[in-house]
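In: Attaching a predicted model along with its sequence, questions to come.
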Amino acid sequence: MKYRDLKKRLKKLGVEHDRTRGDHEVWSIGNCSTSVPADTEVAPGTLRKIEEHLAPCLGEGWLSK
């Protein structure tokens, strides 16, 4: 998935960008937060981890909706 598409989806769901450190951004909603690499393409394994970190606040399978 392209980084810009992931960023749009996160914003649409109400996840907020907290801070940037190097080439990673920290996004959070409620008590959930995750680190997102600001690369042009986000690897499938990284997407799974991002989905796992935000699932308690956004629900299971939020990324595929």
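Out: Structure received.
In: Remind me what the helix of greatest length in the chain packs against, helices and strands.
Out: Longest helix in the chain by number of residues (criterion: DSSP state H): helix 44-58. In terms of contacts (3 or more CB pairs under 8 Å, 6 or more residues apart in numbering; DSSP states H and E), helix 44-58 is packed against strand 24-29, strand 32-37. For the C-beta atoms, the positions are set from N, CA and C on the backbone; glycine is no exception.
In: Compute the inter-axis angle for it and strand 32-37.
Out: Angle, helix 44-58 to strand 32-37, by axes from the mean of the first three to the mean of the last three CA atoms, to 10 degrees: 160 degrees.
In: tell me the contacts of the residue nearest to M1 when sequence neighbours are not counted?
Out: Distance criterion CB to CB, 6 or more residues apart in numbering; nearest residue to M1, sequence neighbours excluded, is V42 at 5.3 Å. V42 sits next to 1-3, 6, 36, 50 when contact means CB atoms under 8 Å, 6 or more residues apart in numbering.
In: Of these, which pair is most distant in space?
Out: Taking CB to CB as the measure, these span a maximum distance of 13.7 Å, between K2 and I50.
In: Among those two, which residue is more densely surrounded?
Out: Using other CB atoms under 10 Å as the criterion, K2 and I50 rank with I50 on top: 21 against 11.
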